[in-house]
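1. below is the sequence, then the predicted model.
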Amino acid sequence: QVQVVESGGGLVQPGGSLRLSCTVSGTIVIVNDIHWYRLTPGKQRLLVASISRGGSATYADSVKGRFTISRDNLENTVYLQMNNLESEDTGDYYCRAEGLWGGSAWNENDIWGQGTQVTVSS
């Protein structure tokens, strides 16, 4: 069984920073691309940033220059450093992991975490 756990959310003032973590654990064969999504208060799911196993990163236009995604393959952890936060960044942040998972029946099903809440407000 494979789990994805996000952490690092919280309440921050506009202009502040937070670092989110996404850790994959369990019967892992290999972790490939990892994606961060934001679920807005209006229930719209937005792709915020993605990173490949090799470290290639892509970002939504709205976060370019403010957010940085990185990963530690030894720890199967991806980080999302969020700087100069804006009220529009508020939402629940979810991680989706792509990979090959082991155990009794190997599979490549996407695994989602439970999310971490980010609130940007003065």
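-> The structure has been received and is ready for your questions.
2. ok, now which ones touch Pro100?
-> For the record, residue 100 is Leu, not Pro. Neighbour list for Leu100: 28-30, 32, 106-108 [criterion: C-beta atoms under 8 Å, 6 or more residues apart in numbering]. In this view, the C-beta of every residue, glycine as well, is placed from N, C-alpha and C.
3. nearest to Asp92, of these?
-> Of all the contacts of Leu100, Asn32 has the smallest distance to Asp92: 23.5 Å, by C-beta to C-beta.
4. elements contacting the helix or strand where that closest one lies?
-> For Asn32, the enclosing helix or strand under DSSP states H and E is strand 28-39. Where contact means 3 or more C-beta pairs under 8 Å, 6 or more residues apart in numbering; DSSP states H and E, strand 28-39 is packed against strand 18-26, strand 45-51, strand 67-72, strand 77-82, strand 91-101.
5. so which of these is the most packed in?
-> strand 77-82 (a mean of 22; mean count of other C-beta atoms under 10 Å).
6. could you check the angle that strand makes with strand 91-101?
-> Using axes from the mean of the first three to the mean of the last three C-alpha atoms, to 10 degrees, the inter-axis angle of strand 77-82 relative to strand 91-101 is 160 degrees.
7. pull the residues that contact strand 77-82.
-> Strand 77-82 has contacts (C-beta under 8 Å, 6+ apart) with 8, 17-24, 34, 36, 48-49, 51, 63, 66-72, 89, 93, 95, 118.
8. dump it to CSV, restricted to CA.
-> Output of strand 77-82 as CSV, limited to C-alpha atoms (Å, rounded to 0.1, in the frame of the first residue of the first chain):
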residue,chain,number,x,y,z
THR,A,77,9.5,13.9,-0.8
VAL,A,78,8.5,16.9,-2.9
TYR,A,79,8.5,20.4,-1.6
LEU,A,80,6.6,23.5,-2.7
GLN,A,81,8.2,26.7,-1.5
MET,A,82,5.6,29.5,-1.7
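9. from the chain's centre, how far out does it sit?
-> Here the centre of strand 77-82 is set off from its chain's centre by 7 Å, with C-alpha atoms, centre = their mean, to the nearest Å.
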